[in-house]
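> No sequence on hand, only this structure:
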């Protein structure tokens with residue numbers, strides 16, 4: 001083996017090692033960088049408008065980042081803090097104290113009719129509660145409910161330093177991605193081993209799909225918030241408008257988004273209704289749970305793929321697979337990245353069909 005061959009193998013090994021090290025370094029912040037890229041693309045039109053007015057790239061990018069920070073505060077931080085405060089105190093702590101005191105006093109119901117279903121259930125539970133083993137089991141169940149509620153709040157608080165670090169990385173990365181987007185996009189396009197025609201169609205598909213995702217997600221969140229507020233009003237939930245707004249905001253969270261609100265509100269109504277012997281309150285709690293599961297949640301599953309698919313010219317089934325699979329694989333950024341990947345897959349299939357058709361002519 002001559003020196004030239006040794007040099008070739010050394011270069012290949014060197015490249016592989018460098019790529020592996022870079023991949024390991026990026027892995028802990030991969031989702032954050034993905035989110036940064038997607039947010040940068042979303043706010044790129046704002047940067048372009050500012051650049052036309054200021055003629056200064058750094059200043060325009062800095063103002064854009066400031067607008068992103070304001071959006072995060074208004075759309076994420078404030079609603080999340082209200083959500084944690086209201087639900088943790090209102091549902092877990094209050095329900096726990098109320099039930100525990102009434103059980104210990106053996107007066108879980110004030111007065112009720114013997115024919116009332118809840119009264120009959122309560123008589124059996126009160127009798128069981130007098131037995132030491134059952135008392136311990138019920139106490140443990142109530143304590144577990146409180147611990148899970150407080151653990152959720154505590155985990156969010158403990159994760160704050162890590163969240164702030166990732167937020168800084170996202171904003172810092174977004175500044176340079178927004179400022180140098182044209183240069184980065186040009187270099188990325190050169191790496192794609194396709195003709196300029198197909199490269200342009202791919203990049204255009206990404207832009208259209210991303211805009212469709214943002215549009216569809218906002219419309220669906222507003223729709224879910226409206227439907228939820230209507231249900232909260234009808235079923236007698238206190239602060240229905242506030243909880244409706246929170247439902248709209250958490251609708252962006254994959255899988256369990258809106259359930260964090262309507263699920264806990266339904267649980268509260270069932271527990272409190274049982275504690276005070278109010279059959280109507282228990283019934284409305286059960287109805288609220290069913291309404292959330294089969295109406296509020298279904299709005300997202302049906303409306304979002306349809307809206308995004310129509311606007312991006314991609315089949316709704318592919319969009320649905322992209323949303324669910326993307327969120328499962330990449331977390332929160334996957335809600336945006338998943339549909340984009342499926343849209344690119346659709347484009348690749350279309351390109352193949354075009355090439356195949358041209359060859360048969």
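Ah, there it is. Keep in mind it's a predicted model, so treat the numbers as computed, not measured. Numbering: from 1, shown residues only.

> Which helix or which strand is home to residue 349?
Taking DSSP states H and E as the definition, residue 349 sits inside helix 334-360.

> In the helix or strand harbouring residue 50, which residues are buried?
Taking DSSP H and E as the definition, residue 50 sits inside helix 30-54. Neighbour counts over helix 30-54 (16 or more other Cβ atoms under 10 Å) mark 31-44, 47, 50-51 as buried. For glycine as for every other residue, the C-beta is placed from the backbone atoms N, C-alpha and C.

> how much distance is there from that helix to the middle of the chain?
20 Å (Cα atoms, centre = their mean, to the nearest Å).

> go on, stretch 251-271?
That offset, for stretch 251-271, works out to 13 Å (Cα atoms, centre = their mean).

> what secondary structure does residue 305 sit in?
Here residue 305 takes the helix state, with states given by DSSP: H, G, I helix; E, B strand; the rest coil.

> ok, residue 317 - contacts?
residue 305 (Cβ atoms under 8 Å, 6 or more residues apart in numbering).

> rerun at 10 Å
305, 309, 342 (Cβ atoms under 10 Å, 6 or more residues apart in numbering).

> The last one reaches residue 212, doesn't it?
No. In this structure residue 342 lies outside contact range of residue 212 using Cβ atoms under 10 Å: 11.8 Å.

> got any residues that touch both of these two?
Residues touching both residue 342 and residue 212 (Cβ under 10 Å, 6+ apart) are 308-309, 312, 314, 319.

> would you turn the residues you listed into a markdown table with pLDDT, neighbour count and distance to residue 58?
Output for the shared contacts of residue 342 and residue 212, formatted as a markdown table (pLDDT from 0 to 100; neighbours: other Cβ atoms under 10 Å; distance: Cβ to Cβ, whole Å):
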| residue | pLDDT | neighbour count | distance to residue 58 |
| --- | --- | --- | --- |
| 308 | 79 | 29 | 34 |
| 309 | 77 | 24 | 39 |
| 312 | 75 | 26 | 33 |
| 314 | 80 | 25 | 37 |
| 319 | 82 | 28 | 37 |
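
> just checking, which of these belong to helices?
308-309, 312, 319 (DSSP state H).

> Farthest-apart pair in these, please.
Distance extremes for these: the farthest pair is 312 and 319 at 7.4 Å, using Cβ to Cβ.

> Now for these two: what residues contact both?
In contact with both residue 312 and residue 319: 209, 212-213, 216, 339, 342-343, 346, using Cβ under 10 Å, 6+ apart.

> Redo those residues as TSV? Include pLDDT, neighbour count and distance to residue 295.
What follows is the shared contacts of residue 312 and residue 319, written out as TSV (pLDDT from 0 to 100; neighbours: other Cβ under 10 Å; distance: Cβ to Cβ, whole Å):
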residue	pLDDT	neighbour count	distance to residue 295
209	79	27	28
212	80	22	25
213	77	27	23
216	81	23	19
339	83	30	24
342	85	25	27
343	83	26	29
346	84	20	31
